[in-house]
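> What follows is a predicted structure for the sequence shown.
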Amino acid sequence: MHIKPEKNRTVELTDVVSECRDISSLLFRDEETRGAKPGQYLMVWLPGVDEVPMSVSAIDMDGLSRITVRAVGEMTVRLNSLSPGDRVGLRGPFGNGYTIQGDKPLFVAGGSGAASLIPLVEETLRQGTTPTFVLGARSADMLLFVGSLEETLGENLIVSTDDGSRGYSGYASGYAATLMEEDAFDMVYTCGPELMMAKVYQSAREHGVPIQASLERYVKCAVGLCGNCAIGPYRVCKDGPVFDADMLSEVRSEFGVSQMDASGRVTRVEH
Amino acid sequence: MSKLSLAVEVAGLRLRSPLMNAAGVLGMSPPILKRVYDSGAGAVITKSIGPVPRTGHPNPTLVRVSCGALNAMGLPNPGVGYFADEVKALKVMGVPVVASFFGGSVEEFAEVASTLSKAGADALELNASCPNVQEELGMLASDAGNVEKVTAAVRQETRLPLFVKLSPNVTDIKEIATAAERGGADAITAVNTLKGMAIDIDFRRPILTNTTGGLSGPAVKPVARCVWEVAEAVEVPVIGCGGVTTWEDAVEYLLAGASALEIGTAVMTHGFEVYGRVNEGIRRYLEENGFSDVKEVVGLAHQTGEEQDSRADRCSIRV
């Protein structure tokens, strides 16, 4: 088993698109990313600032790939203020990605988590299945990709907002639980705040539905060496970021509960 | 017939296999280290632990290069007070633990070693050789006098087997190794990473935030000459580290004089399975060449063919 080295390289941004409040997409041309699997991520570098993991939110749109960034800290604010023609450094794609299984999948996305699920929606549609998709956000102006999802999924898209400003009023995890009660899904894919995913996992377990959840931890090396992103016996960067029901069950004392900071100290998962 | 045992004894530490993970690789938390042990390692080595928490350097902290990796993590660790509990957790899991540690002064080295000993570690590895904290802490392993002084101070604090891990980034590693031995080291680990750098040609900037980092992986395997040189210079056992990826690499290191081996970067390319695979390869090599114990091949390349032959005769007479 010899893996081709995931070389550091830079790409020029062809476009920067504002998607919704606080969230922008960066588009670029990169051969390596065009070979990504849904659910994989890139390490994105700005010299002198940081290098952070970012889900691939479009693998190959007429040759262009995309990441989608929510401005929450110095690095992500800087990324979102870039312009076409600016450069970013890349490594990857890394990680295991989602495994497509089942004929009746349920997708549950919270906030910027929709970014990781979009390539999977496209792949599922290509295979002839239209998934049910619950898209949640704090408020209407923070619903990511709501327009394009409405176009492709029609009535299979259910929108929920915490403040009730659009669609179902409440948490996406709550609506997902109701759907699992009413209908027999055979796979749940979820990405979003960990506390949301932990609730979705709980519902899936209660209804005996297999699940895949994309986790986030403090990633440094991204190649499975340093162990900083460990959750239980797994490395989120290499064994993940997508965890199936068995893996989630194995790490349930940490999932939705605790994570390691940059020094290796355990801290609480806050959202 | 039962399988040939790979058990070795290094500086009083009994190991079921001569393989360990290199410090800094997968050493942040007990469940991951347990997975290293379950994959075939004889013992596990923790991340280097210091007196207080450190977040390490900001990303990028790793760059893949031809035949290896460059890293500048910057000794991130939760601090020894916190980590003592992790050592205890590993002991509860039944995993032999070598605690790697560092300090910013002679006193700090001694204090951290004392705390880790009390926490129940099976052995200690004094990290005298991190190449990535030079400005802050200096690199201990570049000065023989300091190495001896620190080793001696740590020796006062613990009766555990004490390994001292040295750097290849010195003029004469033999001099440093003998200094560590004089200070009371029970084994010498040779070696830490080789200092290097990578520059992005589009940004025209060093990629690592720390500018320089430590080179590891197959690229540094020929630096096994450090094991060869240290083995000739000291009486205590040598633990080999640097680019071991295949069983052939491991055998080469044993022949150079290593009594045990640390494997790190190979996990990046070959996964956790590397430990089991290298174990199997060593076992097959020993069996196919008529050896019955790992220690029979340790340092064998230092003997001429004739010396090896006469030794083999003695073995056959004894049998």
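In hand now; what should we look at?

> Get me the contact residues on the stretch 151-300 of chain B for chain A.
With C-beta under 8 Å from any C-beta of the partner chain as the criterion, the stretch 151-300 of chain B meets chain A at residues B:198, B:200, B:202-203, B:205, B:207, B:264-265, B:267-271. For the C-beta atoms, the positions are set from N, CA and C on the backbone; glycine is no exception.

> Tell me the buried residues within those.
Among those, the ones that count as buried by 16 or more other C-beta atoms under 10 Å in any protein chain shown are B:198, B:200, B:203, B:207, B:264-265, B:267-271.

> got the residues of the stretch 51-200 of chain A near chain B?
Residues of the stretch 51-200 of chain A lying near chain B (C-beta under 8 Å from any C-beta): A:51-52, A:87, A:89, A:91.

> Phi, psi for residue B:176 please.
Per-residue torsions, residue B:176: phi -70, psi -40 (degrees, to the nearest 10).

> That one - how many residues pack around it?
Residues lying near residue B:176 (other C-beta atoms under 10 Å in any protein chain shown) number 29.

> Give me the secondary structure label for the nearest residue to residue A:85 once chain neighbours are set aside.
Of all residues not flanking residue A:85 in the chain, residue A:12 sits nearest, at 6.2 Å (C-beta to C-beta, 6 or more residues apart in numbering or on different chains). Three-state call for residue A:12 (DSSP: H, G, I helix; E, B strand; the rest coil): strand.

> Which other helices and strands does the particular helix or strand that has residue A:153 in it contact?
Residue A:153 belongs to helix A:146-153 when assigned by DSSP states H and E. Judged by 3 or more C-beta pairs under 8 Å, 6 or more residues apart in numbering or on different chains; DSSP states H and E, helix A:146-153 is in contact with helix A:114-126, strand A:132-137, strand A:157-161.

> which of those is buried the deepest?
Highest mean neighbour count among those (mean count of other C-beta atoms under 10 Å in any protein chain shown): strand A:132-137, with a mean of 26.

> what residues does that strand touch?
Residues outside strand A:132-137 that contact it (C-beta atoms under 8 Å, 6 or more residues apart in numbering or on different chains): A:20, A:104-111, A:114, A:117, A:121, A:143-146, A:149, A:153, A:156-162, A:171-173, A:175-176, A:179, A:183, A:185, A:192, A:196.

> Quick one, which of the residues you listed are buried?
Among those, those scoring as buried are A:20, A:105-111, A:114, A:117, A:121, A:143-146, A:149, A:153, A:156-161, A:171-173, A:175-176, A:179, A:185, A:192, A:196 (criterion: 16+ other C-beta under 10 Å).

> how many other residues sit next to residue 73?
No chain specified, so I'll use chain A. Going by other C-beta under 10 Å, the residues that sit close to residue A:73 add up to 10.

> my question was about chain B
28.

> I figured it hits residue A:220, correct?
Yes - between residue B:73 and residue A:220 a contact is recorded at 6.8 Å, counting by C-beta atoms under 8 Å.

> Low-confidence stretches in the stretch 101-250 of chain B?
Counting by pLDDT under 70, the stretch 101-250 of chain B has low-confidence residues at B:132, B:134-137.

> residue ranges of the helices in it, please?
B:106-119, B:134-137, B:144-157, B:173-183, B:225-233, B:247-256 (DSSP state H, counting those that start in this stretch).

> tilt between the first one and helix B:144-157?
What it means is helix B:106-119. 40 degrees (axes from the mean of the first three to the mean of the last three C-alpha atoms, to 10 degrees).

> Now helix B:106-119: buried residues?
So helix B:106-119, judged by 16+ other C-beta under 10 Å, has buried residues B:106, B:108-117, B:119.

> Same question for the third one.
Within helix B:144-157, the residues that qualify as buried by neighbour count (16+ other C-beta under 10 Å) are B:144, B:146-155, B:157.

> closest to chain A among those?
residue B:154 (22.5 Å; C-beta to the nearest C-beta).

> got a list of what the residue nearest the centre of chain A touches?
Nearest to the mean C-alpha position of chain A, counting by C-alpha atoms, centre = their mean, stands residue A:116 at 3.2 Å. By C-beta under 8 Å, 6+ apart, residue A:116 lies in contact with A:38-39, A:41, A:55-57, A:191, A:214, A:241.

> I'd like the distance between the nearest residue in space to it that is not next to it in sequence and residue A:241.
Leaving aside its chain neighbours, residue A:116 sits nearest to residue A:55 (3.7 Å; criterion: C-beta to C-beta, 6+ apart). Here residue A:55 is placed at a distance of 8 Å from residue A:241 (C-beta to C-beta, to the nearest Å).

> and what of residue B:3?
With C-beta to C-beta as the criterion, residue B:3 and residue A:241 are 38 Å apart.

> cool, and residue A:256?
According to C-beta to C-beta, residue A:256 stands 15 Å off from residue A:241.

> And these two? Which one has more around it.
Taking neighbours as other C-beta under 10 Å, residue A:256 and residue A:241 compare with residue A:241 leading, 28 against 21.

> check contacts around the more buried one.
Listed by C-beta under 8 Å, 6+ apart, the contact set of residue A:241 reads A:39, A:41, A:53, A:95-96, A:116, A:214-216.

> run the last query once more with 10 Å
Contacts for residue A:241 (C-beta atoms under 10 Å, 6 or more residues apart in numbering or on different chains) come out as A:39-41, A:53, A:55, A:94-98, A:116, A:191, A:213-217, A:219, A:229, A:234-235.
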